[in-house]
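*Asks:* For reference, the sequence and a predicted model appear below.
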Amino acid sequence: MMTEKKSLRDELTGLLGDKVVSLHEALGETTIVIGASDIPGVMTQLRDAEALRFAQLIDLCGVDYLEYRDWEGRRFAVVYHLLSHAHNRRLRVRVFAEDDDFPVVDSVSGIWPDANWFEREAFDLYGLIFTGHPDLRRILTDYGFVGNPFRKDFPLSGHVEMRYDPEQQRVVYQPVSIEPRVVTPRIVREENFGSN
């Protein structure tokens, strides 16, 4: 198993060279970080290179690192989970958006068509813009929804609420009338993780 992971590391660094910003192996998984400008070329190489052949995009998700521990890097990232059926390997690729105020990365829907809905979900929930996407619009929230609910600075009660107005006989939107409150989430502590 270690030989396989070591050879994956060697193949990635040999093929991609300085386009790999960082490479990390932990818990039997390999993660590489690449620059946002390198997405189309690197992703195509990962799919087409005979030594890698990551033919399937398993998942794509957005990440908001706002107030994450002692994090000092970029705020938004897109994480791609790839699978190589030919070599029975998995790879995680992380890309950070260059601008925290307007996070933009290139779409990979032309490389892996199943990225289409994943990118729409990341756009809807995190406000990540995917240039070159064929139909970038909301997929989970209403078209009139204000904001991006998975951003860490999104208010817990939202910005507007929807209710049925019997006088107008239709659904209306109005500012939220809920008093803001602090919610303390249950946290899985790393020192106790997996001890049961």
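*Replies:* Everything's here; your move. Numbers count the residues shown, from 1 in each chain.
*Asks:* Show me how far the helix or strand hosting residue 32 is from its chain's centre.
*Replies:* Assigned by DSSP states H and E, residue 32 falls within strand 29-34. Relative to its parent chain, strand 29-34 has a centroid offset of 14 Å by CA atoms, centre = their mean, to the nearest Å.
*Asks:* now stretch 105-125
*Replies:* Distance of stretch 105-125 from its chain centroid, counting by CA atoms, centre = their mean, is 10 Å.
*Asks:* repeat for stretch 149-160
*Replies:* Chain-centre distance of stretch 149-160: 18 Å, with CA atoms, centre = their mean.
*Asks:* residues of that stretch that come out buried?
*Replies:* 149-150, 154, 158 (16 or more other CB atoms under 10 Å). In this view, the C-beta of every residue, glycine as well, is placed from N, C-alpha and C.
*Asks:* Could you identify the pair within those residues that is furthest apart?
*Replies:* Spatial extent of those (CB to CB) is set by the pair 150 and 158 at 12.4 Å.
*Asks:* Name the helix or strand for the residue located most distally from the centre of the chain, please.
*Replies:* Ranked by distance from the centre of the chain (CA atoms, centre = their mean), the top residue is residue 167, with 42.8 Å. Using DSSP H and E, no element contains residue 167; it sits outside every helix and strand.
*Asks:* Quick check: the gap between residue 17 and residue 157.
*Replies:* Separation of residue 17 from residue 157 (CB to CB, to the nearest Å): 48 Å.
*Asks:* ignore the last one, residue 33
*Replies:* Distance, residue 33 to residue 157, by CB to CB: 35 Å.
*Asks:* just to revisit the earlier point, flag every buried residue along the strand holding residue 32.
*Replies:* Buried residues in strand 29-34 (16+ other CB under 10 Å): 30, 32-34.
*Asks:* Packing partners of that strand?
*Replies:* Contacts defined by 3 or more CB pairs under 8 Å, 6 or more residues apart in numbering; DSSP states H and E place strand 29-34 against helix 2-16, strand 20-26, strand 89-96.
*Asks:* Tell me which of these sits most buried.
*Replies:* Among the helices and strands packed on strand 29-34, strand 89-96 has the highest mean neighbour count (mean count of other CB atoms under 10 Å), at a mean of 19.
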